[in-house]
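1. sequence isn't available, so here's the structure alone:
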């Protein structure tokens with residue numbers, strides 16, 4: 001990858017279930033054993049979401065597995081993690097989440113210059129008919145690619 005970016009995990013289900021309006025790159029406050037687990041890719045976040053509490057953004061339902069090689073000073077796998085954003089970004093996010101029914105969903109986790117970053121999306125839930133339209137569009141695109149490949153042979 002370019003610019004020292006190494007992707008740890010992508011949330012493909014979030015892109016299917018939600019319409020993403022804005023994206024924010026956040027730092028994440030981690031403990032040492034959590035960083036080791038991130039390096040091993042031992043994270044799970046199918047239902048993860050973020051919330052704004054007292055001017056701070058907290059990530060919930062992110063499970064970081066305990067590191068088997070650490071001592072008794074291991075971390076709690078289900079603790080909430082603080083996200084690092086600028087104050088102006090937090091104000092903008094808080095206004096949208098409170099007024100318009102948006103949700104903060106982590107879209108991806110990656111290393112950028114040896115620091116763990118989160119791509120946080122300001123998302124709105126899709127209706128069932130929107131999801132069906134996406135599936136139909138994806139199938140049509142796949143059929144066109146298939147016809148193009150067979151036509152060139």
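-> The structure has been received and is ready for your questions. This one's a predicted model, so the numbers in the text were calculated from it and none came from an experiment.

2. identify the residue spatially nearest to residue 29, adjacent ones excluded.
-> In this structure, residue 29 finds its nearest non-sequential neighbour in residue 82, 4.3 Å apart by CB to CB, 6 or more residues apart in numbering. From N, CA and C alone the C-beta is placed, and that goes for glycine too.

3. the one you found: neighbour count?
-> 16 (other CB atoms under 10 Å).

4. gap between it and residue 30?
-> Noted for residue 82: a distance of 9 Å to residue 30, by CB to CB, to the nearest Å.

5. do the same with residue 17
-> 26 Å.

6. count of residues packed around the spatially closest residue to residue 63 that is not a sequence neighbour?
-> Closest residue to residue 63 apart from its sequence neighbours, by CB to CB, 6+ apart: residue 44 at 4.5 Å. Neighbour count of residue 44, defined by other CB under 10 Å: 13.

7. so who does residue 44 touch?
-> 62, 63, 65 (CB atoms under 8 Å, 6 or more residues apart in numbering).

8. give me the low-pLDDT residue ranges for the protein?
-> 1-2, 70-73, 76, 152-153 (pLDDT under 70).

9. same thing but 90
-> 1-9, 11-21, 29-47, 61-81, 98-102, 113-114, 123-139, 143, 145-153 (pLDDT under 90).

10. which residue ranges of it form helices?
-> For the chain, applying DSSP state H gives helices covering 12-17, 32-40, 87-100, 128-151.

11. quick one, which of these gets closest to residue 53.
-> Closest of the helices of the chain to residue 53 is helix 87-100, at 9.8 Å (criterion: CB to CB).

12. report how many residues lie close to the residue lying closest to residue 27 once chain neighbours are set aside.
-> Spatial nearest neighbour of residue 27, excluding adjacent residues (CB to CB, 6+ apart): residue 84 at 3.6 Å. By other CB under 10 Å, 14 other residues sit near residue 84.

13. and for residue 56?
-> 13.

14. what's near enough to touch it?
-> For residue 56, the contact set (CB under 8 Å, 6+ apart) comprises 82, 83, 90.

15. any figure for the gap between the residue nearest to residue 27 and residue 40?
-> 22 Å.

16. before we move on, what about residue 123?
-> Residue 123 is 28 Å from residue 40, by CB to CB.

17. no more questions from me, cheers.
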